[in-house]
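>>> Fold the following and give me the result.
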Amino acid sequence: MKKFSLLILLISQSIFAQNILWEQVGLKVEEGKATYVLELIDDYYNSIKLPEGVSISLDAIWFKPEGFEATHYLSFSGSLEALAKLKDLRSGDAYDAYNGEINKFAKITSISSGSTINRWNVSKGNDPISQLWQWNVNDPEIFVTEFMKLVNGFPQEGYLSIGLISQGAGTNGESHYVYTTHKDYAAAISWGPKTKKQQESFVKFQQLTNPISSYLGTITMNRIKSWN
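Coordinates of the predicted model:
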């Protein structure tokens, strides 16, 4: 219990030091209507002054686990203060009208939120291709510790983060995620350990975390537009 409490304290300190929290809305957009949805989102978020430090993005989902409904993710990220201010702006008559139009072409399949534990290569966060891995973790201390070791032996070229899913987890009990970006599609599909040392680091991570976690699948996305 003491170790777990210490882990939570360290995570909390890291989160507040980095000031990165997020909310993600899964959308199932009707076939052929993606352009209309983009226009509606673009018009609304260009009509308000976004709080400093907040970022909004719309991503098309290319590859996903079987049974996954969403075709797009609308994501909001930033500091706690910035997201709270944005939440206030996502209300009122104008927002209700915008939502009413969105609902004509898409339905919400999920709403989740969480926070990062650690991030690397922050300057590459706007790379156009991204991948999201999700796990149900029974022992966060082991999982996070071993992931930190993996990164040391398997450095990434794009943006990389590990974090917690705190609200809105799906039926599989998603609790932790790893998110990374790639400069293009070729970099995404060729991702993986390329040297013997990297392969050994990856295998060791799997061996030590498989007993205390369940891997739930990978989602690959393409950035359509961002507002920040």
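>>> Compute the number of surrounding residues for residue 105.
Per other C-beta atoms under 10 Å, the neighbour tally for residue 105 reads 17. (C-beta placed from N, C-alpha, C; glycine too.)
>>> who's in contact with residue 126?
Residue 126 makes contacts with 181, 223, 226, as judged by C-beta atoms under 8 Å, 6 or more residues apart in numbering.
>>> Work out for me the element the residue sitting nearest the centre point of the chain sits within.
By C-alpha atoms, centre = their mean, the chain has its centre lying nearest to residue 179, at 5.7 Å. Using DSSP states H and E, residue 179 sits in strand 176-182.
>>> ok, now residue 49?
Element membership for residue 49, per DSSP H and E: none, as it lies in no helix or strand.
>>> can you count the residues close to it?
Residue 49 has 8 nearby residues by other C-beta under 10 Å.
>>> go on, residue 22?
21.
>>> Leaving out the residues flanking it, which one is nearest to it?
residue 77 (4.1 Å; C-beta to C-beta, 6 or more residues apart in numbering).
>>> beta partners for the one you found?
Residue 77 has the following beta-bridge partners by DSSP bridges: residue 22, residue 55.
>>> got the end-to-end distance for stretch 128-147?
Terminal residues of stretch 128-147 lie 24 Å apart, using C-alpha to C-alpha, to the nearest Å.
>>> Quick one: mean pLDDT for it?
Taken as a whole, stretch 128-147 has a mean pLDDT of 96.
>>> Figure out how far it is from the centre of its chain.
Relative to the chain's own centre, stretch 128-147 is displaced by 11 Å; criterion: C-alpha atoms, centre = their mean, to the nearest Å.
>>> One more: stretch 179-192?
Relative to its parent chain, stretch 179-192 has a centroid offset of 15 Å by C-alpha atoms, centre = their mean.
>>> picking up where we left off before, can you point out the buried residues in the strand holding residue 179?
Counting neighbours by 16 or more other C-beta atoms under 10 Å, one finds that the buried residues in strand 176-182 are 176-182.
>>> This structure: helices as residue ranges?
2-18, 34-46, 80-89, 93-102, 140-153, 185-189, 196-209 (DSSP state H).
>>> Could you tell me the least trusted of these?
Ranked by mean pLDDT, the helices of the chain end with helix 2-18 at the bottom, a mean of 42.
>>> related to what we said a few turns ago, helix 196-209 and the strand holding residue 179, what's the angle between them?
Relative orientation of strand 176-182 versus helix 196-209 (axes from the mean of the first three to the mean of the last three C-alpha atoms, to 10 degrees): 160 degrees.
>>> Can you list phi and psi of residue 157 for me?
The phi and psi torsions at residue 157 (degrees, to the nearest 10) take the values phi -90, psi -30.
>>> I'd say it and residue 187 touch.
Yes: judged on C-beta atoms under 8 Å, residue 157 makes contact with residue 187 at a distance of 7.1 Å.
>>> what number of residues lie near the residue lying closest to residue 199 once chain neighbours are set aside?
Spatial nearest neighbour of residue 199, excluding adjacent residues (C-beta to C-beta, 6+ apart): residue 193 at 4.4 Å. Neighbourhood size, residue 193 [other C-beta under 10 Å]: 15.
>>> Could you pull up the residues touching residue 193?
154, 199, 201-202.
>>> Select only the buried ones of the residues you listed in PyMOL?
Selecting only the buried entries of the contacts of residue 193 in PyMOL, with 16+ other C-beta under 10 Å as the criterion:
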select buried, resi 154+201
